[in-house]
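In: Predicted model, plus sequence, below.
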Protein chains: 2
Amino acid sequence: MLADTPTPPYYAVIFSSIRTDVDGEYAATATRMVELAGQQPGFLGVESARDGVGITVSYWESEEAIRAWHSNAEHQIAQQEGYRSFYQSFRLRVARVERAYAFEKR
Amino acid sequence: MLADTPTPPYYAVIFSSIRTDVDGEYAATATRMVELAGQQPGFLGVESARDGVGITVSYWESEEAIRAWHSNAEHQIAQQEGYRSFYQSFRLRVARVERAYAFEKR
């Protein structure tokens, strides 16, 4: 699904990653984090794809909303598991969306 | 592959899309556009994944570099084909990366 976000400005968290071969609770944790993110104040939407590289972009009203999500207790536990076992490498980038364009085929 | 980008600030173009079932020249065009983007002034890197939703994030030194890439003649032809046949829907967001963090497992 593509996210229907409001008129900019708003914020994006671009999380790109390469997984380890440890499966464990990864799928359940990833699903739960998307669900939990969606319940946070200031959450605007999320887009995600994986084929080798995984890219998840979540959209937020403000940097404060991003900081609060980062500090969420259940999210913190998932982050620890990410470092410990899920990810071989990742990049996390926080960006301010300046302009946006949507196309829908008729 | 994950992109190794410099210290922020820099810019990200977040392109998320849902394809039509028209294959045609899509794969060749997508590959060529990544190659061509990599030759443009101000290009910093690209990350891409698709499983249903496709997400490609390209990174650039400046908004001017993004505008020049948007106007590139060969890219313009590919964009036309994108509207005409490749994409059911897409979102294009231009964002200023404010902070970034990289993790590599030892």
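Out: Cool, the structure landed.
In: got the angle for the strand ranked longest in chain A vs strand B:87-104?
Out: Using DSSP state E to define each element, chain A has its longest strand at strand A:87-104. Using axes from the mean of the first three to the mean of the last three Cα atoms, to 10 degrees, the direction of strand A:87-104 lies 160 degrees away from that of strand B:87-104.
In: okay, A:R19: pLDDT?
Out: As summarised for this prediction, A:R19 has a pLDDT of 97.
In: Please report phi then psi for it.
Out: Note on A:R19: its backbone torsions stand at phi -80, psi 160 [degrees, to the nearest 10].
In: Residue of chain A nearest chain B, please.
Out: Ranked by Cβ to the nearest Cβ, the top residue of chain A for proximity to chain B is A:A95, at 3.6 Å. C-betas here are computed from N, CA, C, even on glycine.
In: can you pull out the strands in chain A?
Out: Along chain A, the segments classed as strands by DSSP E run A:10-19, A:43-51, A:53-60, A:87-104.
In: rewinding a little: how distant is the longest strand of chain A from the center of its chain?
Out: Strand A:87-104 sits 9 Å away from the centroid of its parent chain (Cα atoms, centre = their mean, to the nearest Å).
In: ok, longest helix in chain A?
Out: Here the longest helix in chain A is taken by residue count, with DSSP state H as the criterion, and it is helix A:26-37.
In: That one: how far from the chain's middle?
Out: Shown here is helix A:26-37, whose average C-alpha point lies 10 Å from the average C-alpha point of the whole chain (Cα atoms, centre = their mean).
In: What of stretch A:46-57?
Out: Centroid separation between stretch A:46-57 and its chain, computed with Cα atoms, centre = their mean, is 9 Å.
In: Quick check: buried residues in that stretch?
Out: Across stretch A:46-57, burial judged by 16 or more other Cβ atoms under 10 Å in any protein chain shown covers A:V46, A:E47, A:S48, A:A49, A:R50, A:V53, A:G54, A:I55, A:T56, A:V57.
In: ok now do the third one, which residues does it touch?
Out: Taking Cβ atoms under 8 Å, 6 or more residues apart in numbering or on different chains as the criterion, A:S48 is in contact with A:V34, A:G54, A:I55, A:T56, A:V57, B:V53, B:I55.
In: what is it paired to in the beta sheet?
Out: On DSSP bridges, the residues paired with A:S48 through beta bridges are A:T56.
In: anything in stretch A:16-29 near chain B?
Out: Yes - judged by Cβ under 8 Å from any Cβ of the partner chain, stretch A:16-29 comes into contact with chain B at A:S16, A:S17, A:I18, A:T20.
In: what residues does that stretch touch?
Out: A:50, A:52-55, A:78, A:81, A:85-91, B:2-3, B:47, B:49, B:57, B:105.
In: quick revisit: just the buried residues of the residues of stretch A:16-29 next to chain B.
Out: The neighbour-count test (16+ other Cβ under 10 Å) marks A:S16, A:S17, A:I18 as buried among those.
In: Looking at those residues, which one is closest to A:S71?
Out: Proximity of those to A:S71 was ranked by Cβ to Cβ; the top entry is A:S17 with 20.3 Å.
In: Pull the contacting residues for the nearest residue to that closest one once chain neighbours are set aside.
Out: The shortest distance from A:S17 to any residue that is not its chain neighbour, by Cβ to Cβ, 6 or more residues apart in numbering or on different chains, is 3.9 Å, and that residue is A:F90. Shown here is A:F90, whose contacts under the criterion Cβ under 8 Å, 6+ apart are A:F15, A:S16, A:S17, A:I18, A:G82, B:L2, B:A102, B:F103.
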